[in-house]
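**Q** A structural model of the following input is requested.
(4 chains)
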Protein chains: 4
Amino acid sequence: MLTSADFQVEELGDRRVASPLAIRFVPEGARIPLDAELQPGKEFRPDLSFERAGPRERLYFDPTQVSAAVVTCGGICPGLNNVIRAIVMQAVHGYGVQAVWGLRYGYRGLEEDSGHPPLLLTPQVVSEIHEQGGTILGTSRGPGDPAAMVRFLAKRNIGMLFTIGGDGTQRGALAIHREARRLGYPLAVVGVPKTIDNDIPYVWTTFGFSTAIEQARGVIDCAHNEARGVRHGVGLVKLMGREAGFIAAAATLASGEVNFTLIPEVPFALDGEDGFLEALRRRLADRGHAVVVVAEGAGQDLFQGQDFGRDLSGNARLGDIGLLLADRIRAYSRSTGFPIELKYFDPSYYIRSAPANTHDAIFCDQLARNAVHAALAGKTGLIVGLWYNMMTHVPIALAGSAKKRVSARGELWQAVLKVTGQPARMGPE
Amino acid sequence: MLTSADFQVEELGDRRVASPLAIRFVPEGARIPLDAELQPGKEFRPDLSFERAGPRERLYFDPTQVSAAVVTCGGICPGLNNVIRAIVMQAVHGYGVQAVWGLRYGYRGLEEDSGHPPLLLTPQVVSEIHEQGGTILGTSRGPGDPAAMVRFLAKRNIGMLFTIGGDGTQRGALAIHREARRLGYPLAVVGVPKTIDNDIPYVWTTFGFSTAIEQARGVIDCAHNEARGVRHGVGLVKLMGREAGFIAAAATLASGEVNFTLIPEVPFALDGEDGFLEALRRRLADRGHAVVVVAEGAGQDLFQGQDFGRDLSGNARLGDIGLLLADRIRAYSRSTGFPIELKYFDPSYYIRSAPANTHDAIFCDQLARNAVHAALAGKTGLIVGLWYNMMTHVPIALAGSAKKRVSARGELWQAVLKVTGQPARMGPE
Amino acid sequence: MLTSADFQVEELGDRRVASPLAIRFVPEGARIPLDAELQPGKEFRPDLSFERAGPRERLYFDPTQVSAAVVTCGGICPGLNNVIRAIVMQAVHGYGVQAVWGLRYGYRGLEEDSGHPPLLLTPQVVSEIHEQGGTILGTSRGPGDPAAMVRFLAKRNIGMLFTIGGDGTQRGALAIHREARRLGYPLAVVGVPKTIDNDIPYVWTTFGFSTAIEQARGVIDCAHNEARGVRHGVGLVKLMGREAGFIAAAATLASGEVNFTLIPEVPFALDGEDGFLEALRRRLADRGHAVVVVAEGAGQDLFQGQDFGRDLSGNARLGDIGLLLADRIRAYSRSTGFPIELKYFDPSYYIRSAPANTHDAIFCDQLARNAVHAALAGKTGLIVGLWYNMMTHVPIALAGSAKKRVSARGELWQAVLKVTGQPARMGPE
Amino acid sequence: MLTSADFQVEELGDRRVASPLAIRFVPEGARIPLDAELQPGKEFRPDLSFERAGPRERLYFDPTQVSAAVVTCGGICPGLNNVIRAIVMQAVHGYGVQAVWGLRYGYRGLEEDSGHPPLLLTPQVVSEIHEQGGTILGTSRGPGDPAAMVRFLAKRNIGMLFTIGGDGTQRGALAIHREARRLGYPLAVVGVPKTIDNDIPYVWTTFGFSTAIEQARGVIDCAHNEARGVRHGVGLVKLMGREAGFIAAAATLASGEVNFTLIPEVPFALDGEDGFLEALRRRLADRGHAVVVVAEGAGQDLFQGQDFGRDLSGNARLGDIGLLLADRIRAYSRSTGFPIELKYFDPSYYIRSAPANTHDAIFCDQLARNAVHAALAGKTGLIVGLWYNMMTHVPIALAGSAKKRVSARGELWQAVLKVTGQPARMGPE
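**A** Residues are numbered from 1 along each chain as shown, chains lettered A, B, ... in the order given. Coordinates of the predicted model:
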């Protein structure tokens, strides 16, 4: 059960410095409710609310006396370079921070012997990086040693650390934050959450998601063209989404040409009168072609008894649902004599390695500026998120406590059902 | 002073029909606060709140017994066809509404003698229209005769009218709604607000805005290339924005390459030590080139004494600030001997006539579905809006009572100042 | 050894009808030399030359008395709909041909019992089809029965058949042409050559190739972003190209970011000091990342002893060189302890299912118009090709007599070597 | 009357150095005929032929002992950076040339006191410039003093000068070449012709043209959407093309949605039964909307008696045909009472300031490499062109002797007439 304490953001100490910004500051105590929706019979809970992000009138750090560092971890995502750039622009041009360092290759760049010393990120250096996908800093997976990392930062007199990455990264950030606390080293650790799957809880949307949908839509359009081009053509597209089907669902709505969307949250059977294969056959018999989108984590129960091991980050490897579906569709066609011509698309990383689109570019700019505001105010152990369209501070511990999922009875999935026309249930209940 | 009555949405009557949808319904009385931000010393006002949009468990209309009509008015905007399509899909596939009619060329399509009878919009007819910009229905400016329009609808037994358009259109919708009320004809009038300038109050963002920014960014990138290509090159881009600078400001953030952004809300002087021309000279002397973005409504005080008449909708015609700036920059160069090479870009309608991008495609889908939910529930005299990322019902009268503007001390404009590096004030206070 | 007879295009008979076009006609006997390059000591051979395509002053068919049919066969390719559209536009608007029929699903659409009767293709029907990838007619693989197909055409009084497809399709077209000749049925069979691999001889470029390169470049850019994003990152992209590496080579030049390009025409070894794996290691040690592009038909000798069967068209199935390379690179990393992080991209059909880009749109228009000119003049048994930028008539028998390949000492491959910086030879001579 | 002497390329002297390339060299004396088309009764003229471009087995310069310089002049054009990059890549990586200098801001960069010293262009410096439009070197208009420019080059021991620009630029290059000859300074002057209008004779296509068409098509698509969106809507698009209508014609073919194309080469009347305005009215009455594309140099006779002065390059300024058409169409509507709603698009520089598309990227690569081959072989006073798809050497004097124009009876214009459906003649003969 959540309490107000779960929403409490840590602070480094008194804010003795006046902000140099000429801007409307966020008032002290401004908060955004976790549940802003009012309903008869439901208690409104102002105690369960996020601290609002934004520029503070008084700062913990004197901007001219503090240095910052930025690190990018995990898989790349559209907008990483935009976030890096806007952190530099806001810190240097906005506040007059003298140095922002770019740590190389994820948390490895906080090791003394990594062989990759930090880059000094001046406005000049970052001026055009937002036009490229990926990250100019490089990235890596896996944690580092918190004690060594804090030593690395302290040695360079770095007071603000911006960690751009997913839940593993933010767990690492939390460990750094705690170690710094333990040592009494005043370090503001502020995360910008990154997940191409959009599955971080207490955060409405993450950057890069809009671009990923746009890339996915391009592939779906191609699959549609292939499917329409032959009799009983099926265009099958596998998209990212290990445990959450947000990409598959949103790309379906954006495209408008998908006939079946399969996601991890909604189980389905292949066989039987109500199963996917019969539904596919009916669609083909009726309309001549079909487009199928499957999230990589969908239908994992169909691999029962198989173990695919674990990856370097310790995540269970998934069975390849795309190939399984392709095989089963072709086998169905052979065994029933119902002709099906299947074209398989696995765009893999193509979805995430493009430069940020316009929407994400603006969003990244906003996230990064608010991260800088938070750090200079001495906020720490938090990520900057979006809640009801407002920028918020979310304690890392809270953000790491759950996972966001597509709800089968929510509007997103119901819209998918209407757009695709697929049966609400495929297989036994 | 707003009161709770201003937020009250009208209803046609009792809801006696069970919804055919299998979905999580919006509970009766669910509302979204106008100001959800909590602050010490500020009263939280649940009475000033919007009715939440979404599917209702009980409907006013029996879907199988009611027909609907859609009309698009005013200038075109990315996403019009997506909204039309999703209204048809939700009404026909979602609820089983038997007929959705497309009225031709704005409110003129509700005149018996227009020469353009309504189109029957089946799912087949609209299936691929979202891939095109513009509107398949056509559009026009100007109001119609409410009495004649209600007769037109009544004669065809149309119970739900979806009006896609700007403030003039929604005023027209309000007049139709009132006339229907007066006659006792049960007509649900539900608007989807459209404004490329994003200046409708009580609505966070409108559809098409994201696409417009994307188009604008492409032009700004070209202006940047022109400006960099010559010594003291200036790329000057005029963008839409009669009274609000949202497009100019957002495109500036999205591009990251703009050095001066001029909007209607922030006055500026051309001459004097603090004026724009000297600031431009300094930038050119310093960095060799500059990109300037100007909203069409900016700097209208520079035309003092001139009257440009009014357009067909009765709006005052604006002075052409783009040409004025171009002239003044060239004159400055000649008179001071400081060489400047200016390239002028006026993309005009290019900004608004593209197909919806992925972001807008999903947004239009959501708006349209909620409009259908509202109408079948018998809600009327409202527009469907977005507030804090939630879909809401906004009484037309409320939405028409003000205009949204860029605030000079708000985060958007402050971010523009940081991205451009332009002086916060140009000219005397 | 080629003789002038190989270049001879067959004609149906005397041309008794005056062309209705007001245009500069191609003079009788206009020809384009096979080898136009003049060299001391080399004989210039005007006898080895292609008939020039283009409008003829006198026609074999009276346009108002003849019908036409169009068929698309084999895999889809960008521009199919453009070709269909322009054939209809030129035939109907240009010449006044009364009916153009669209045959469904390849040569199957010439079977009486296919269940898919021909579509009447009016200018209205085809007016916007060029905005879509794929083919509105549908396609299929495999030949039909020439006798039955000629009966099908004769029954419908179709005098001109346009066959859009690859070498198999054109072999089928030749069989139809010969059967019609045998029966004395005056049928003009004119092909528009289609091959995404650009491997048809006596044809400089085929339509769709430019679009395919553009799509491929988008994927390569993403692979580059992935590769740069990690230490020793490798982005590996598999592209189409069963026996010819034109797509891989051209996409390499277009991108400018590729470090190794592997094509069927240039063998390479994986192991050994001079092999690909060591060259890759050197690049990674030197520059930190690498992009590798491999054509699907490259390195097939690495699968020696394995037989992958044949596909429906009778082509030998290839070993999956992309997966093999990925496996071998990872194994190399493990066995040597040299860290490599590989990201694999298999865009598959994505390369070919987009709508035609601007270049291909214009090219398709030109091909289609010349196909119509040829057919109305009574030319038959030919394809319309491009030679030295001129439109030509190429007898189908000639076009089918060889295959076009990338030459290892030619300018294309040499430019690839310069752009990539890869060793000219990898492995033992 | 052309003679073989007009095609003669000058050479600096004996070629004493063996090429370091391992490539198929172009044989001495290889030539491409001016007119390769064979016709009965027409004499084949091998004497009127272009020297073939390409790598030579023997060079004039020892690559390791010579430096090069690159200059870009005149308006920017898609692909400038690609040409610069490939010159550097071929010179440095291909031949081992030690230094390539980038001259700043056109011929001004060859003045000692320009204040903009040359940039050293290493492969590292140019590695990603092809992703940007414009030119990293900057450009300017106007000639320089040949004597001073040769001194500038000689002082820096630069033996090869690559001039990227239009006819004015190449005239300047010719003057430099002649001055160097006069002084006995061995300087290879090799031009890469640049003209967004594609109007250079003896050169089939110039780089950037394909990208310009692509940009233009995007604008035309928007104009189409605007036009269709209202009753009697007209989308009027003005495109570049001062004296030649190639852009307007090609963009028309690429789009397929244009109804009237107006170019400088084909006069038209506005008034009268056969004039443009009546033809436009008929189209609107018939189909409800129209798209009109006009090249900026079209219809200049309609400004008779007006003189618009001359620009800095000494070219006569044109009357603004776009605004004139807009005015006249609106006046026609008012005076006849036939309603027309016009939307005007003037994309201006947007057409030319984008990065090169894939087609142009490959083409630029090819042009640049052949320019380097030519210079190292000691060829001088020439431009590298494309003739019948073959790379050629064209003496600058020959290229400057004429202008390329759209022929009203050629296939390009005839295809435009078919695609638009516009009358072949508008106005009195």
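
**Q** tell me the contacts of the nearest residue to A:Ile196 once chain neighbours are set aside?
**A** Sequence neighbours aside, A:Arg352 is the residue nearest to A:Ile196 in space, at 4.8 Å (criterion: Cβ to Cβ, 6 or more residues apart in numbering or on different chains). C-betas here are computed from N, CA, C, even on glycine. Residues touching A:Arg352, when contacts are defined by Cβ atoms under 8 Å, 6 or more residues apart in numbering or on different chains, comprise A:Gly75, A:Ile76, A:Cys77, A:Pro78, A:Ile196, A:Gly208, A:Ala212, A:Gln215, A:Met240.

**Q** Close to chain B: what parts of the stretch 151-300 of chain A are there?
**A** Counting by Cβ under 8 Å from any Cβ of the partner chain, the residues of the stretch 151-300 of chain A lying close to chain B are A:Trp204, A:Ser210, A:Ile213, A:Glu214, A:Arg217, A:Ala250, A:Leu253, A:Ala254, A:Ser255, A:Gly256.

**Q** Skipping adjacent residues, who's closest to the first one in space?
**A** What that stands for is A:Trp204. Once flanking residues are discounted, A:Trp204 sits nearest to A:Leu386: 4.6 Å by Cβ to Cβ, 6+ apart.

**Q** what about whichever residue of the stretch 151-300 of chain A sits closest to chain D, neighbour count?
**A** Minimum separation of the stretch 151-300 of chain A from chain D (Cβ to the nearest Cβ) falls at A:Gly218, amounting to 15.7 Å. Neighbourhood size, A:Gly218 [other Cβ atoms under 10 Å in any protein chain shown]: 21.

**Q** got it, and A:Gln215?
**A** A:Gln215 has 24 nearby residues by other Cβ under 10 Å.

**Q** Grab the nearest non-local neighbour of it.
**A** Excluding the flanking residues, the one nearest A:Gln215 by Cβ to Cβ, 6+ apart is A:Ile351, at 4.9 Å.

**Q** what's the neighbour count on that neighbour?
**A** Other residues near A:Ile351 come to 25 when the count uses other Cβ under 10 Å.

**Q** who touches it in this structure?
**A** A:Ile196, A:Ala212, A:Gln215, A:Ala216, A:Val219, A:Leu239, A:Met240, A:Ile247.

**Q** A:Asn377 contacts A:Glu57, correct?
**A** Slight slip there: residue A:377 is Ala, not Asn. No: no contact is recorded between A:Ala377 and A:Glu57 when judged using Cβ atoms under 8 Å, the distance being 9.2 Å.

**Q** more crowded one of those two?
**A** When neighbours are counted by other Cβ under 10 Å, A:Ala377 comes out ahead of the other of A:Ala377 and A:Glu57, with 27 against 15.

**Q** quick revisit: how much space separates the residue nearest to A:Ile196 from chain D?
**A** From A:Arg352 across to chain D, the span is 19 Å (Cβ to the nearest Cβ, to the nearest Å).

**Q** ok, now A:Ile362?
**A** With the distance defined as Cβ to the nearest Cβ, A:Ile362 ends up 22 Å from chain D.

**Q** Which element, helix or strand, includes that residue?
**A** Counting by DSSP states H and E, the element that carries A:Ile362 is helix A:358-376.

**Q** And A:Ala402, by the same measure?
**A** Going by DSSP H and E, A:Ala402 is not part of any helix or strand.

**Q** So for the helix or strand containing A:Arg217, mean pLDDT?
**A** Under the criterion of DSSP H and E, A:Arg217 resides in helix A:209-228. Taken as a whole, helix A:209-228 carries a mean pLDDT of 97.

**Q** do the same with stretch A:335-352
**A** If you average the pLDDT values across stretch A:335-352, you get 97.

**Q** In PDB, list the C-alpha atoms belonging to it.
**A** These are the backbone C-alpha positions of stretch A:335-352, laid out as PDB (Å, rounded to 0.1, in the frame of the first residue of the first chain):
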ATOM      1  CA  SER A 335      -2.100 -29.400 -43.200                       C
ATOM      2  CA  THR A 336      -5.500 -27.800 -44.100                       C
ATOM      3  CA  GLY A 337      -4.700 -27.200 -47.800                       C
ATOM      4  CA  PHE A 338      -5.800 -23.600 -47.300                       C
ATOM      5  CA  PRO A 339      -3.200 -21.600 -49.300                       C
ATOM      6  CA  ILE A 340      -1.400 -18.900 -47.300                       C
ATOM      7  CA  GLU A 341       1.600 -16.900 -48.500                       C
ATOM      8  CA  LEU A 342       3.400 -15.400 -45.500                       C
ATOM      9  CA  LYS A 343       6.000 -12.600 -45.500                       C
ATOM     10  CA  TYR A 344       7.900 -12.200 -42.300                       C
ATOM     11  CA  PHE A 345       9.300  -8.900 -41.000                       C
ATOM     12  CA  ASP A 346      11.700  -8.700 -38.000                       C
ATOM     13  CA  PRO A 347      12.800  -5.100 -38.000                       C
ATOM     14  CA  SER A 348      14.600  -5.700 -34.600                       C
ATOM     15  CA  TYR A 349      16.800  -2.700 -33.600                       C
ATOM     16  CA  TYR A 350      15.500  -0.600 -36.600                       C
ATOM     17  CA  ILE A 351      12.700   0.500 -34.300                       C
ATOM     18  CA  ARG A 352      14.900   2.100 -31.800                       C
END
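
**Q** For the stretch 1-150 of chain A, which segments are assigned as strands?
**A** A:10-11, A:17-18, A:31-33, A:49-52, A:58-59, A:67-72, A:99-102, A:119-120 (DSSP state E, counting those that start in this stretch).

**Q** Let me see the contact set for the residue in the stretch 101-250 of chain A positioned nearest to chain B.
**A** Among residues of the stretch 101-250 of chain A, the one nearest chain B by Cβ to the nearest Cβ turns out to be A:Glu214. It sits 4.2 Å away. Contacts were defined as Cβ under 8 Å, 6+ apart; by that measure A:Glu214 touches A:Ala254, A:Ala354, A:Asn357, B:Asn357, B:Thr358, B:His359.

**Q** Then A:Glu243?
**A** For A:Glu243, the contact set (Cβ under 8 Å, 6+ apart) comprises A:Asp197, A:Asp199, A:Pro264, A:Gly297, A:Lys403, A:Arg405.

**Q** Make TSV out of these and add distance to A:Leu48 and secondary structure.
**A** TSV is the format used below for those (distance: Cβ to Cβ, whole Å; DSSP: H, G, I helix; E, B strand; the rest coil):
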residue	distance to A:Leu48	secondary structure
A:Asp197	25	coil
A:Asp199	21	coil
A:Pro264	28	coil
A:Gly297	30	coil
A:Lys403	19	coil
A:Arg405	20	coil
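
**Q** Quick check: the two most widely separated of these?
**A** A:Gly297 and A:Lys403 (11.6 Å; Cβ to Cβ).

**Q** Among those two, which residue is more densely surrounded?
**A** Here A:Gly297 and A:Lys403 are compared on neighbour count by other Cβ under 10 Å; more neighbours surround A:Gly297, at 21 against 13.

**Q** Residue numbers of the stretch 1-150 of chain A in contact with chain D?
**A** If contact is defined as Cβ under 8 Å from any Cβ, the residues of the stretch 1-150 of chain A in contact with chain D are A:Glu131.

**Q** count of residues packed around A:Thr336?
**A** For A:Thr336, the count of nearby residues is 12 (other Cβ under 10 Å).

**Q** Below-threshold pLDDT in chain A: ranges please.
**A** Counting by pLDDT under 70, the ranges of chain A that qualify are A:312-313, A:428-429.

**Q** Which residue ranges make up each domain of it?
**A** The record, using automatic domain parsing to delimit domains, assigns chain A the ranges A:4-206+A:354-387, A:209-350+A:408-420.
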